[in-house]
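Chemist: The following block contains a protein sequence and its predicted model.
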Amino acid sequence: MNKIAKALTIAGSDSGGGAGILADIKTFQELEVFGMSAITAITAQNTLGVQGVYPLSVEAVQQQIKSIGEDIGTDALKTGMLFSSEIIQVVAEQIKHYQWRNVVVDPVMIAKGGASLLQREAIEALKKDLLPLATVITPNIPEAELLTGITIKRLADRQKAAQYLWDLGVAHVVIKGGHGEGELVDLLFDGKEFTEYRSERIQTKNTHGTGCTFAAAVTAELAKGREVKEAVQVAKDFIQAAVENQIEVGHGHGPTNHWA
Ligand code: PLP
């Protein structure tokens, strides 16, 4: 029998196939890890926007994670849309209970069209309960601003925000530069040094699910045993190719190409 690295995503589904659980599982498959999911909420969604958000019960989320924990286990996991502080608390408890390592937190808050994917009052629970368990957090600039209260204009502001998040107990902070201007720079901080990952900015409206895909790629590489610094580089290359090689899906903000 072949041994295979395993990865779990705890997130919301996107019926349109571009973001959330769908993007995560496609990414896991491409990067050759065995993908599993615990769904927190179902979204009715397409490339034009989010038409509905239907959270699952805390019990349903808990049981999905338990079913995996009691049998299969995982080498890495990623959280995406968690929706409420109750779901955040149960996810944090389960991660501790199973002593899972390689925890990637993508602090999903608001979809591009403005739909709320995390209740405002749940931000504190995210910071208090989940971030101390995180190996990596992957906010974009607006998410880093909401989590830290720091207005980010220059790279120095991002360094300050990274330090703030590291102080909350996150081992590695990646603040992505997709929402900036000019050359695209993602910034990694491990408590000691900053590493910059640079790439050309591609002008396109088809970036739906880029955040999910990037974090899923980091998770897949951690599951395979890569160090964080290298995992981020693989994820960066993966997302760059996925945005560059566009596919025609829907009439709005199209998804990235996971085959690229
Ligand atoms: N829908 C779900 C379920 C998600 O998890 C995410 C992730 O960020 C999004 C939507 C966001 O999509 P977009 O990249 O269009 O902001």
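Modeler: That came through fine. Numbering: from 1, shown residues only.

Chemist: Now the longest helix that the chain contains - C-alpha only, CSV.
Modeler: For the chain, the longest helix by residue count, based on DSSP state H, is helix 228-244. The C-alpha trace of helix 228-244 is given here as CSV (Å, rounded to 0.1, in the frame of the first residue of the first chain):
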residue,chain,number,x,y,z
VAL,A,228,7.0,26.8,6.1
LYS,A,229,9.4,29.0,4.2
GLU,A,230,9.5,26.5,1.3
ALA,A,231,5.8,25.7,1.5
VAL,A,232,5.0,29.4,1.0
GLN,A,233,7.2,29.6,-2.1
VAL,A,234,5.4,26.5,-3.6
ALA,A,235,2.0,28.1,-2.8
LYS,A,236,3.1,31.4,-4.3
ASP,A,237,4.2,29.6,-7.6
PHE,A,238,1.0,27.6,-7.6
ILE,A,239,-1.3,30.6,-7.2
GLN,A,240,0.7,32.7,-9.8
ALA,A,241,0.2,29.9,-12.4
ALA,A,242,-3.4,29.5,-11.4
VAL,A,243,-4.2,33.2,-12.0
GLU,A,244,-2.0,33.4,-15.1
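
Chemist: Quick one: list the elements packing against it.
Modeler: strand 136-137, strand 184-189, strand 194-199, helix 210-223 (3 or more CB pairs under 8 Å, 6 or more residues apart in numbering; DSSP states H and E). Yep, even glycine has a C-beta here, placed from its N, CA and C like the rest.

Chemist: Out of the ones you listed, which one sits most buried?
Modeler: helix 210-223 (a mean of 29; mean count of other CB atoms under 10 Å).

Chemist: Convert that one to PDB, retaining C-alpha atoms only.
Modeler: Extracted in PDB, the C-alpha atoms of helix 210-223 (Å, rounded to 0.1, in the frame of the first residue of the first chain):
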ATOM      1  CA  THR A 210      -7.100  32.900  -4.600                       C
ATOM      2  CA  GLY A 211      -6.800  33.300  -0.900                       C
ATOM      3  CA  CYS A 212      -8.300  29.800  -0.200                       C
ATOM      4  CA  THR A 213      -6.100  28.200  -2.900                       C
ATOM      5  CA  PHE A 214      -2.900  29.800  -1.600                       C
ATOM      6  CA  ALA A 215      -3.600  28.700   2.000                       C
ATOM      7  CA  ALA A 216      -4.600  25.200   0.800                       C
ATOM      8  CA  ALA A 217      -1.300  24.900  -1.100                       C
ATOM      9  CA  VAL A 218       0.700  25.900   2.000                       C
ATOM     10  CA  THR A 219      -1.300  23.200   3.900                       C
ATOM     11  CA  ALA A 220      -0.600  20.500   1.300                       C
ATOM     12  CA  GLU A 221       3.100  21.200   1.400                       C
ATOM     13  CA  LEU A 222       3.200  21.200   5.200                       C
ATOM     14  CA  ALA A 223       1.300  17.900   5.100                       C
END
